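Novice: structure of the sequence below:
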Amino acid sequence: MALLVLENVTKRFGGLIAVNNVSIEIKEGEFVGIVGPNGSGKTTLFNLISGVFFPEEGKIVFDGKDITRVPSYKRAPMGIGRTFQIPRPFPSATVRENVAVGAMFGAMGGQLDVKSALKIADEIIEKVGLSAHKNKIAGTLTPVEKKLLEIGRALAMKPKLLLMDEAMAGMHPKEIDNMVNTIKNIAINEKIAVVSMVEHIMRAVVGMAQRVIVLHQGSKIVDAPTEAALKDPHVVEVYLGHQKEEN
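Specialist: Have a look, this model is predicted:
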């Protein structure tokens, strides 16, 4: 049984169809890339999965439960974690405290006291490479460090599904490679399905995704293994404006 199922999901904003009749299945522990140009519907799709928006049509099922109308604050304890393109830390709290908040409001939230949450935070902080900064005030971090904090806080939630929204934008290639390896190792060990949304960082897609879903103008146009998806003429046309010429 798939961990996440979207069945013919549609979301409109007035006369604009942001997500158009999209169906997707994500398995436990699977690594999937969601790609597409600006305005393709990627962020709206993430907002539907995380409960920020409800669809006008279709159904969303997570871990065997219909969550189509379940509000976002109830989805995190169910095992849906998310990072945001623009990090949103508690700026006056430390890195350690920020990550502990993720632990306390995630899948283990009802079982943790503050001491246990801080212990999880220490483990995650070490894994994402922020140990030297764990007692810093989050608002003083560099943009890349805030990205790492955002990822760490989401991982501390112990999610079954992790939605990563442009989590590696702004990182250098070496930083991307290191973060891809870190996330893959954690996800494999803890059987976390990772859905990573990207626009132009193909390095992260190729390094992590087993499968790529391509959106264009709200519709799913490709759903295939990574190598095949990135060579698909439809994908080339969407990104380059013309189809690949035959040699």
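Novice: elements contacting the helix ranked longest in the chain?
Specialist: Secondary structure of the chain per DSSP state H: the longest helix is helix 173-190. Contact here means 3 or more CB pairs under 8 Å, 6 or more residues apart in numbering; DSSP states H and E; on that basis helix 173-190 packs against helix 143-156, strand 161-165, strand 193-198, helix 202-208. The C-beta positions use only the backbone N, C-alpha and C, and glycine is treated the same way.
Novice: least reliable of the ones you listed going by mean pLDDT?
Specialist: Among these, helix 202-208 carries the lowest mean pLDDT, a mean of 75.
Novice: which residues touch that one?
Specialist: Helix 202-208 is contacted by residues 31, 33, 35, 168, 173, 176-177, 180, 183-184, 194, 196, 198, 212, 226, 230 when judged by CB atoms under 8 Å, 6 or more residues apart in numbering.
Novice: what subset of those residues is buried?
Specialist: 31, 33, 35, 168, 176, 180, 183, 194, 196, 198, 212, 226, 230 (16 or more other CB atoms under 10 Å).
Novice: wait, what's in contact with the fourth one?
Specialist: Spelled out, it's residue 168. Here residue 168 is in contact with 147, 175-176, 179-180, 198, 201, 204 (criterion: CB under 8 Å, 6+ apart).
Novice: farthest pair in those residues?
Specialist: 175 and 198 (14.8 Å; CB to CB).
Novice: shaky segments in the protein?
Specialist: 199-202, 239-247 (pLDDT under 70).
Novice: could you measure from residue 85 over to residue 147?
Specialist: 9 Å (CB to CB, to the nearest Å).
Novice: mutual contacts of these two, please.
Specialist: In contact with both residue 85 and residue 147: 167, 169, using CB under 8 Å, 6+ apart.
Novice: so between these two, which is more surrounded?
Specialist: For residue 85 versus residue 147, neighbours defined as other CB atoms under 10 Å are more numerous around residue 147 (25 against 17).
Novice: where along the chain do the strands fall?
Specialist: 4-13, 16-26, 31-35, 57-62, 65-66, 80-82, 161-165, 193-198, 211-216, 219-225 (DSSP state E).
Novice: turn the ones you listed into CSV, including distance to residue 139.
Specialist: As requested, the strands of the chain are exported to CSV (distance: least, CB to CB, whole Å):
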stretch, distance to residue 139
strand 4-13, 33
strand 16-26, 32
strand 31-35, 30
strand 57-62, 33
strand 65-66, 37
strand 80-82, 21
strand 161-165, 21
strand 193-198, 25
strand 211-216, 34
strand 219-225, 39
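Novice: rewinding a little: ok, so of the contacts of helix 202-208, who is nearest residue 69?
Specialist: residue 194 (25.3 Å).
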